[in-house]
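J.: Starting from these lines, generate the structure:
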Amino acid sequence: MSGFVEKPEPLQVPGLVHLHTGKVRELYQNEAGDLVMVASDRISAFDWVLPTEIPGKGSILTQLSLWWFDQLRDLIPNHVLSTELPEGAPADWAGRTLVCKSLQMVPVEAVARGYLTGSGLLEYNESRTVCGLALPEGLADGSELPAPIFTPATKAAVGEHDENVSYEEVARQVGADTAAQLRQATLAVYSRGRDIARDRGIILADTKFEFGFDGDTLVIGDEVLTPDSSRFWPVDQWEPGRAQPSYDKQFVRDWLTSAESGWDRKSEQPPPPLPQEVVDRTRAKYVEAYERLTGTSWS
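T.: Numbering: from 1, shown residues only. Coordinates of the predicted model:
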């Protein structure tokens, strides 16, 4: 059993209807029918939403997504309508709240990979494929792929794990035209993000996007190219054949699987609170990713 160690009670705000509590975001709807997304400081690992928060994480993710939406504006429209706080919303929502178009979401995690690692590496080691796509022999953990690939996954509920699926399965679920649009948009956005990140000394190893339709127009939503949705590696430390240093929650994963935590991942017991050192080092990585990508300091 996994999910929330301590599921939060959503804040009730006049004029807003609470729709959903996700791993990181609270989702509301305003009276106009627009969605209000509030990013929390929650962090998840191994399909658990942990009891310890990372201060400022919600704001960092929101502001980095906004920066990326600007970089991608000529490639694909996004769902953001406003960053102004809804009337009656608490002041601490500032900087981590987006008012967004209500889209008809595509029920697929649109994943792009330019490097081999994670679940892709596991499949490759078994069959020399990722999501059914054949890859050459001789690749290792962290190897750059001959070209970026679209490797979709099913969307899982909180506490469950996304599962990789083939392109053919996506086409069966959402139709051939939508599947083709998803693949084209995913690879275009990944390629733009990869090039921008590399210019800033960061490898974008892989990433996932969420798309929806505004009428007949495909729109990118949720968060985009953040340390929560992407694997970022420092270029100057990249070395295929081993796990790469990363700008994400690796400190959290490493501590949870260490003897110090006392937690057995295979048990049904929830993970323990994080020590302050792990919180501080994790926050520093999120801040560093933001600053290196945007070229501005995080205050």
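J.: contacts and neighbour counts: CA atoms only from here.
T.: Fine.
J.: Go through the strand or helix carrying residue 198 and flag the buried ones.
T.: If you go by DSSP states H and E, residue 198 is part of helix 176-199. Going by neighbour count (16 or more other Cα atoms under 10 Å), the buried part of helix 176-199 is 178-179, 182-183, 185-191, 193-194, 196-198.
J.: distance between that helix and the chain's centre?
T.: Mean C-alpha position of helix 176-199 versus that of the full chain (Cα atoms, centre = their mean, to the nearest Å) differs by 15 Å.
J.: Need the residues that contact that helix.
T.: Defining contact as Cα atoms under 8 Å, 6 or more residues apart in numbering, one finds that helix 176-199 is touched by 72, 75-76, 110-112, 148-150, 167, 170-171, 203-204, 206-207, 209, 211, 218, 225, 235, 293.
J.: cool, and stretch 79-86?
T.: Contacts of stretch 79-86 (Cα under 8 Å, 6+ apart): 93-95, 97-103, 219-222.
J.: Regarding that stretch, how distant is the last residue from the first?
T.: In stretch 79-86, first residue to last residue: 17 Å (Cα to Cα, to the nearest Å).
J.: Please save the CA atoms from the helix holding residue 198 in CSV.
T.: This file holds the C-alpha atoms of helix 176-199, laid out as CSV (Å, rounded to 0.1, in the frame of the first residue of the first chain):
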residue,chain,number,x,y,z
ALA,A,176,-4.2,7.4,-34.4
ASP,A,177,-4.5,11.2,-35.1
THR,A,178,-4.2,12.2,-31.4
ALA,A,179,-1.3,9.7,-30.9
ALA,A,180,0.6,11.2,-33.8
GLN,A,181,0.0,14.7,-32.5
LEU,A,182,1.2,13.7,-29.0
ARG,A,183,4.4,12.1,-30.4
GLN,A,184,5.2,15.1,-32.6
ALA,A,185,4.6,17.7,-29.8
THR,A,186,6.4,15.7,-27.2
LEU,A,187,9.6,15.3,-29.3
ALA,A,188,9.5,18.9,-30.5
VAL,A,189,9.2,20.2,-26.9
TYR,A,190,11.8,17.8,-25.6
SER,A,191,14.3,18.9,-28.4
ARG,A,192,13.8,22.6,-27.6
GLY,A,193,14.2,22.0,-23.9
ARG,A,194,17.3,19.7,-24.4
ASP,A,195,19.0,22.4,-26.5
ILE,A,196,18.3,25.2,-24.1
ALA,A,197,19.3,23.2,-21.1
ARG,A,198,22.5,22.0,-22.7
ASP,A,199,23.5,25.6,-23.4
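J.: Mind checking what helix or strand follows it in sequence?
T.: That would be, after helix 176-199 and using DSSP H and E, strand 202-214.
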